[in-house]
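**Q** sharing a sequence plus its predicted fold:
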Amino acid sequence: MKRTKIKALLTSTAFGEEVVVKGWVRTKRENKEIAFIALNDGSIITNIQIVVDVANFNETILKQITTGAAISVTGKLIASGGKGQSVEIQATEIEVYGLADPEKYPLQPKEHSLEFLREIAHLRPRTNTFSAILRIRNTMAFGIHKFFNERGFVYLHTPILTASDCEGAGEMFRVTTLDPIKPPLTDVGTVNYKEDFFGRQANLTVSGQLEGELGAMALSEIYTFGPTFRAENSNTARHLAEFWMVEPEIAFADLEDNMNLAEDFLKYLIHEALENCQEDLAFLDQRFTKEESKKKQEDRSEWGLIEKLKIVLENNFERLTYTEAVKILVDSKPNKKGQFKYPISWGTDLQSEHERYLVEKHFKKPVILTNYPREIKSFYMKLDEDGKTVRAMDVLFPGIGEIIGGSQREEDLDKLVMRMKEVGLKEEDLWWYLDTRKFGTCPHSGFGLGFERLILFITGMGNIRDVIPFPRTPQNCEF
RNA sequence: UCUUCCUUAGCUCAGUUGGUUAGAGCACAUGACUGUUAAUCAUGGGGUCCUUGGUUCAAGCCCAAGAGGGAGAGCCA
């Protein structure tokens, strides 16, 4: 008989029908004559209750049904005879696929710390919190494709292996097939990468943007969505060595088009989550409230998780220039009282505390900062008329900080080459990139969204290591 | 990479001024119980107090170094 997923059974009213469910045991409660098994198969956060008349089953089978065991249950779908659920299954037959020794199975029917669960990342998808996060992550990934597909964007597969060392987005992971102990050497004693697999140094990509621009200059609107790698030694709750990034690139678009796309995009995804992940969000909302209540009053979020999502959905993002933001910060109370650790002055990058003040205290909603000083931004960003600032934009979210970074690109060949010289990039290394400015150049814009940071915001989790199945961070590549 | 905090039972954590036999809750095992909701009640088993070295009559507790983890910062998405 065909197995039915628990998600379908919980809303079914086909009482009296025989069904088969398969899943993993969460808990078993037993007395002399009747036992209750809470079974979960990952299709939905809610368990289905299996009712077992102890007399009808042999004792050894019942003993094998412990927390974590994989079982198959055949039985009748019935209206529940107890409170707490509307349907349950009266079991007629139970098969145990896999035991889980209760003395050794690490997931006990109790709350675990996230730090402990990180050490058993191979089993944590079996918890409510992580299954909820992973289902939401799936919905968001699907939503990204939906959003762009509805708007005629082409999904462009940019390479993961790359030889360009020029973007300056961060430290790179080197990829090589050379013998690490005895690599071939050049005459001057350095490693001879001409003998390496690609005949030159290769790395894992830190961004698909440059290749994305190549695509946009032919297909008009493209996006990339894939893993990205940064070998930065950053140990924070917001950074991973391997993370997923979404990078749309649009031809014939200026910074304002770019901001509109970014705002529409984020709102679309939040709407998708609210529409399609109600049970999981309700669970995470409760969790969020509980976590917040443990914090000090002044650090607590003013809103619940779902409330927060709705506020972002219903309000326009505040758009202002870097220069205006600096003015607000200079005039702010914490600055006048000397409460900022870092001084504010035009020309330096804003610190986390400054961004947080703007988003969480001053505007109390997402903020898009634009037109940053050229010195603190990348070479490919379009120079403003004053020559001092560039058409960059950062979307700042409460609790997350920068969730999107983007810009209108410099389409003028001479200005782009000038900027490359300023930052020490060689023209010959990026000859293919510069060709787009030589042949049919046009205004174009794009941005990058850190996928895990979006998931952090939507799930209300505090550490980025908990919103990716298998996190890669410095000193940690387990699983 | 920097600052700071933490490491005691499977998990979460107490452990006083350094004092002789290291505790709790949960989990687990056994028993009781006719519908439970992380069931309840009773009983029981379970310890390299992160590692190494030092101070001391005596170290879970004090000192030093190391390992692992958290939070904040920098870099960024």
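**A** It's in.

**Q** ok, residues contacting stretch A:147-157?
**A** Stretch A:147-157 has contacts (C-beta atoms under 8 Å, 6 or more residues apart in numbering) with A:145, A:208, A:211-212, A:215, A:219, A:221-226, A:248, A:265, A:268-269. From N, CA and C alone the C-beta is placed, and that goes for glycine too.

**Q** again, but for stretch A:160-180
**A** For stretch A:160-180, contacts defined as C-beta under 8 Å, 6+ apart pick out A:184, A:191, A:193, A:195-198, A:200-207, A:209-210, A:226-227, A:229-233, A:241, A:378-379, A:423, A:425-426, A:429-430.

**Q** please pick the buried ones from those residues.
**A** A:193, A:196, A:202-207, A:209-210, A:226, A:229-230, A:241, A:378-379, A:425, A:430 (16 or more other C-beta atoms under 10 Å).

**Q** just the ones of the residues you listed in helices?
**A** Mapping the buried ones among the contacts of stretch A:160-180 onto helices (DSSP state H) picks out A:209-210.

**Q** strands - which of the buried ones among the contacts of stretch A:160-180 land there?
**A** Using DSSP state E, the members of the buried ones among the contacts of stretch A:160-180 that fall in strands are A:202-204, A:226, A:229.

**Q** list, out of the contacts of stretch A:160-180, those positioned next to RNA strand B.
**A** With the criterion set as C-beta under 7 Å from any atom of the strand, the members of these near RNA strand B are A:207, A:230, A:232-233, A:241.

**Q** mind picking the two most distant members of these?
**A** The span of these, defined through C-beta to C-beta, is set by A:207 and A:233 at 18.7 Å.

**Q** quick check: which element contains the residue nearest to residue A:344 when sequence neighbours are not counted?
**A** Nearest non-adjacent residue to residue A:344, counting by C-beta to C-beta, 6 or more residues apart in numbering: residue A:329, 4.7 Å away. Assigned by DSSP states H and E, residue A:329 falls within helix A:322-330.

**Q** pull out the buried positions in that helix.
**A** Of the residues in helix A:322-330, those buried by neighbour count under the rule 16+ other C-beta under 10 Å are A:322, A:325-326, A:328-329.

**Q** do the same with stretch A:250-260
**A** Within stretch A:250-260, the residues that qualify as buried are A:250-251, A:253, A:255, A:258-259, counting by 16+ other C-beta under 10 Å.

**Q** next: stretch A:356-367.
**A** With burial defined by 16+ other C-beta under 10 Å, the residues of stretch A:356-367 counted as buried are A:356-360, A:362-363, A:365-367.

**Q** what do you get for stretch A:213-225?
**A** Neighbour count says stretch A:213-225 has A:213-217, A:220-225 buried, by 16+ other C-beta under 10 Å.

**Q** in terms of secondary structure, what does the stretch of helix or strand residue A:71 belongs to contact?
**A** Assigned by DSSP H and E, residue A:71 belongs to strand A:70-79. Strand A:70-79 sits against strand A:18-30, strand A:34-40, strand A:48-53, strand A:87-98, with contacts defined as 3 or more C-beta pairs under 8 Å, 6 or more residues apart in numbering; DSSP states H and E.

**Q** what about the helix or strand bottoming out on mean pLDDT in chain A, distance to the chain center?
**A** Ranked by mean pLDDT, DSSP states H and E, the helix or strand of chain A with the weakest confidence is helix A:333-336, at a mean of 87. Distance, stretch centre to chain centre, for helix A:333-336: 34 Å (C-alpha atoms, centre = their mean, to the nearest Å).
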